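Asker: Predicted coordinates and the sequence they were generated for:
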Amino acid sequence: MGILYQIGIHFFILSLRIASIFNLKIRAGLEGRKNWISILEDIPQNAQVIWFHCASLGEFDQGLPVMHTIKKNTPNAFILVTFFSPSGMQHFEKRTHPVDKALYLPFDTKLNAHIFINKAKPKLAVFVKYEFWPNFILECQASKTKLVSISTLLRKNQIYFKRYGGFFSRILKNIDYFFVQNEETKTLLESIGIKDITLSGDTRYDRVLQHKEATTETDSILSNFSAKRPVLIAGSSWESEEKIIKHFLASNPETKVIIAPHNIKRANIERIETLLEQPAVRYTEFKDQHDERVLILDTIGHLSSAYQYADYALIGGGFSGSLHNILEAAAFGLPVFFGPHHEKFPEAKSFMDAGIGFVVENAQQLSIKINALSNQKEIKQKIEAFMESQAGATNKIVNHAFIKDILK
C-alpha cells in the first residue's frame, strides 16, 4: 500500500495540473507552491519554529487560539503556517494572528517532505483537525520532530479504520500525541492501538469566545438596519437557505433579515435579489434606512461580527452536508437553525441535545421553532452558559506536560 500511495500522490499532482487549466482555484494553489523553498530559506537561523498545518481557513481559525497562547508563553517562537487550500492563504491575513510566515504546503512527496523539514527545522509540528499527509508525518518521525494533532475529529467510515486501511492507520501511529474533540475519536484511535490521547475538546469554542470579547467597535450600517428587531441572519447561505428566507419573509412581516451569502460575486447577489421578490439593500450600497427588510452582506470578513446584531441565525450548508460554523453565532447568544445534513459536525448534535440548535427543512418549520422560543433573554443566557462550558481546549493543550516539555 505504501508503494501505491507514492505512485498515487504523483498521479494526484498530475490530475491537479490538468484540472488547473479549467479551475482558477486549483491554478492559484499550483502557482502559490512554486517558490516554497525560497520562502523557507527566509526563516531566521536558530529560530524556534512551531509549524502548524491547516487544510484551509476553518482549520486556521481552529488553530489560532493555540498559536496565540504559544506565542504569548514563548515569545521567541516562530509561528510557521502551511495551508493546502487557496482559501486559507488568501484570507488568513484578515484575522488577528501571530503568524511569522505562511505558505502553501508542498505536495506530499518524499522529496518535498524531506526538503521542507530540513529547511524549516520545526521544534514542534501541529496538524489541525485532520488531513494527515503520510510522507510529511514519516519525515517528522525520521527527523525526530515532535508531531501532535489538535482538535482531531475522525469518523468510523474513514480509511484508517477499514480492513484495507492498514498503511494509513500505521501512519497515524507515527503521530506523537493526539488532542481530540470527542469521545468517538478517542475510541476510534484506541481501536487501532493508539494510546497517547487527551480528550481536550474543540478549540473553536475558545476562538469564537475570544473573537466576541475582541469585537468592541460598532458597525453603524448593521446597527442602523437592525434597530427595529427582531432580526434573522442567514450565515454563509446557499440557495437552499435563501429559498427558505424568501418564504419566511412572507409569513413573518415583522422580522428583518441579514443575508451573508457564501458566494458574494455580483451575479450571485443579483440572483438572490431576484429570488426574494422584494426590496433589498446591499451592505456596500447602504446609505439610509428606508423600507427594506433585507440587507445583503456583500463583503468578506464581516459575518462573524455581524451575528451580534441579530436574534436568530440560519446557518448555511446544512442541506449539502457542508455546514458552516455554527459556533460564531452562538458566541453572541443566538439560537441556530440549520438543514438536516449535519452528520459530519458533532457540534450540531451537541447543540440539538442542549436545546440551542434546531434542524429545519422549510420556512414553516423555521417560523414555528423561532416562535417557540418565547423568552429571548432566557435562551440567550442558556446559549452563553453552554458555550462557556465547552471552552478550555486551548489551555488543556498548551498546558499539557507533553507540549510544555517540548517548549520549555
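Answerer: Sure, I can see it.
Asker: in the stretch 151-300 of the chain, which segments are predicted with low confidence?
Answerer: The stretch 151-300 of the chain contains residues with pLDDT under 70 at 289-290.
Asker: Please repeat the previous calculation with a cut-off of 90.
Answerer: 214-218, 227-229, 277-279, 286-292, 300 (pLDDT under 90).
Asker: Run through the helices of it in chain order.
Answerer: Per DSSP state H, counting those that start in this stretch, the stretch 151-300 of the chain carries helices over the ranges 166-172, 183-191, 203-214, 220-225, 239-251, 266-276.
Asker: most packed of those helices?
Answerer: helix 203-214 (a mean of 21; mean count of other Cβ atoms under 10 Å). C-beta here means a position set from N, CA and C on the backbone, and glycine is covered the same way.
Asker: outside of that helix, which residues touch it?
Answerer: Contact with helix 203-214 is made by 61-66, 68, 96, 150-151, 304-305, 308, 325, 327-328, 330-332, 347, 387-388, 390-394, 397, as judged by Cβ atoms under 8 Å, 6 or more residues apart in numbering.
Asker: Out of those, which sit inside strands?
Answerer: In strands, defined here by DSSP state E, the members of those are Ile150, Ser151.
Asker: buried subset of the contacts of helix 203-214?
Answerer: Among the contacts of helix 203-214, those buried by neighbour count (16 or more other Cβ atoms under 10 Å) are 61-66, 68, 150-151, 304-305, 308, 325, 327-328, 330-332, 347, 387, 390-391, 393-394, 397.
Asker: Could you pull up the residues touching the residue nearest to Ser237 when sequence neighbours are not counted?
Answerer: Leaving aside its sequence neighbours, Ser237 sits nearest to Gly316 (Cβ to Cβ, 6 or more residues apart in numbering; 4.2 Å). Residues in contact with Gly316 (Cβ under 8 Å, 6+ apart) are Ala234, Gly235, Ser236, Ser237, Trp238, Ser240, Glu241, Pro261, His262, Leu323, His324.
Asker: try it again with 6 Å
Answerer: Ser236, Ser237, Trp238, Glu241, His262, His324 (Cβ atoms under 6 Å, 6 or more residues apart in numbering).
Asker: Not counting sequence-adjacent ones, nearest residue to the last one?
Answerer: By the measure of Cβ to Cβ, 6+ apart, the closest residue to His324 outside its immediate chain neighbours is Ser236, 3.8 Å from it.
Asker: Give the burial count for that neighbour, as a bare number.
Answerer: Neighbours of Ser236 under the rule other Cβ atoms under 10 Å: 18.
Asker: same deal with Leu4?
Answerer: Look at Leu4: counted by other Cβ under 10 Å, it has 9 neighbours.
Asker: helix or strand right after the helix or strand containing it?
Answerer: Assigned by DSSP states H and E, Leu4 belongs to helix 2-19. Later in the chain than helix 2-19, the nearest helix or strand by DSSP H and E is helix 24-32.
Asker: Rounded mean pLDDT for that next one, please.
Answerer: Helix 24-32 shows a mean pLDDT of 91 in the predicted model.
Asker: With stretch 392-404 instead?
Answerer: The average of the pLDDT scores along stretch 392-404 is 97.
Asker: start to end distance for it?
Answerer: Using Cα to Cα, to the nearest Å, the end-to-end distance of stretch 392-404 comes to 17 Å.
Asker: just to revisit the earlier point, go ahead and name everything in contact with the helix holding Leu4.
Answerer: Against helix 2-19 from outside (Cβ under 6 Å, 6+ apart): Ile26, Phe107, Asp108, Thr109, Phe167.
Asker: Go through those and name the one nearest Leu249.
Answerer: Ile26 (37.6 Å; Cβ to Cβ).
Asker: if I look at that closest one, how far off is Lys287?
Answerer: Separation of Ile26 from Lys287 (Cβ to Cβ, to the nearest Å) stands at 39 Å.
Asker: When these two are compared, which one has more neighbours?
Answerer: The residue with more neighbours, out of Ile26 and Lys287, is Ile26; 17 against 8, by other Cβ under 10 Å.
Asker: How about the contacts made by the more buried one?
Answerer: Leu16, Ala19, Ser20.
Asker: What of Ile356?
Answerer: Pro335, Ile383, Phe386.
Asker: Just put those in JSON lines and tack on pLDDT and distance to Lys144.
Answerer: Output for the contacts of Ile356, formatted as JSON lines (pLDDT from 0 to 100; distance: Cβ to Cβ, whole Å):
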{"residue": "Pro335", "pLDDT": "97", "distance to Lys144": "49"}
{"residue": "Ile383", "pLDDT": "97", "distance to Lys144": "45"}
{"residue": "Phe386", "pLDDT": "97", "distance to Lys144": "42"}
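Asker: Closest one of those residues to Ala125?
Answerer: When the contacts of Ile356 are compared against Ala125 (criterion: Cβ to Cβ), the nearest one is Phe386, at 32.8 Å.
Asker: number of nearby residues for the closest one?
Answerer: 19.
Asker: same thing with Phe78?
Answerer: 20.
Asker: ok, the closest residue to it other than its chain neighbours - how many residues close by?
Answerer: Leaving aside its chain neighbours, Phe78 sits nearest to Ala47 (3.9 Å; criterion: Cβ to Cβ, 6+ apart). Neighbours of Ala47 under the rule other Cβ under 10 Å: 17.
Asker: Any figure for the gap between the residue nearest to Ser237 and Leu153?
Answerer: 20 Å.
Asker: cool, Asp176 as well?
Answerer: As judged by Cβ to Cβ, Asp176 and Leu153 stand 18 Å apart.
Asker: same deal with Leu222?
Answerer: 32 Å.
Asker: For Lys129, what are phi and psi?
Answerer: Taking degrees, to the nearest 10, you get phi 70, psi -70 for the backbone angles of Lys129.
Asker: residues touching it, list them.
Answerer: Lys129 touches Glu59, Gln62, Ser151, Leu153, counting by Cβ under 6 Å, 6+ apart.
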